[in-house]
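Sequence first, then the predicted structure:
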Amino acid sequence: MNELVTKLTTGRHPVEVVLRPEKTVSALRDCIDRGYVHIKFTDTNGGTELGVRLDGTQTSLNGGDFGAGQREVRLAGSLTLDYVPVKCVAVINLPELNGEGWLEPEPAQSQSAARSN
């Protein structure tokens, strides 16, 4: 694994949700409904923005109140970073649209299966 992947698979890191054109709870909900979000790890050199296709079995919205923009949600999905299959997990505080996140290495075959679906 390269330095970036090693760093992000070690411990938890500050993250924020990247939303365009406006950074709102409603815009985040729209991204979640489409099944795809952008998560930015802010403690890397220049920040590292990852596009994450959400896995409904590992994402949890139960803790969040989107109507009031309160509490937190857990977003998770698989991707490949620098040729390494990983799972990205982010716990996002709805009022601020930031929180903490980390990567978990995944076996290469599970990433291939996810692409074929």
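Structure's in. What do you need?

residues near the closest residue in space to Q58 that isn't next to it in sequence, how many?
Once flanking residues are discounted, Q58 sits nearest to A76: 3.8 Å by C-beta to C-beta, 6 or more residues apart in numbering. To be clear about C-beta, it is placed using only N, CA and C from the backbone, and glycine gets the same treatment. Number of residues near A76 (other C-beta atoms under 10 Å) recorded here: 19.

and A76, what is it in contact with?
Contacts for A76 (C-beta atoms under 8 Å, 6 or more residues apart in numbering) come out as V52, L54, D55, Q58, T59, K87, C88, V89, A90.

next one: L50
H38, I39, K40, F41, L79, L81, C88.

now swap in M1 and tell me
T9, D82, V84, P105.

And the contacts of the helix or strand hosting V86?
Following DSSP states H and E, one finds V86 within strand 84-93. With C-beta under 8 Å, 6+ apart as the test, strand 84-93 has contacts from 1-2, 5, 8-9, 15, 17, 28, 39, 50, 52, 55, 58, 71-80, 98-108, 110-111.

Quick check: PyMOL command selecting the buried ones in these.
In PyMOL syntax, the buried subset of the contacts of strand 84-93 is picked out as below (16 or more other C-beta atoms under 10 Å):
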select buried, resi 5+8+9+15+17+28+39+50+52+55+72+73+74+75+76+77+78+79+98+99+100+101+102+103+106+111
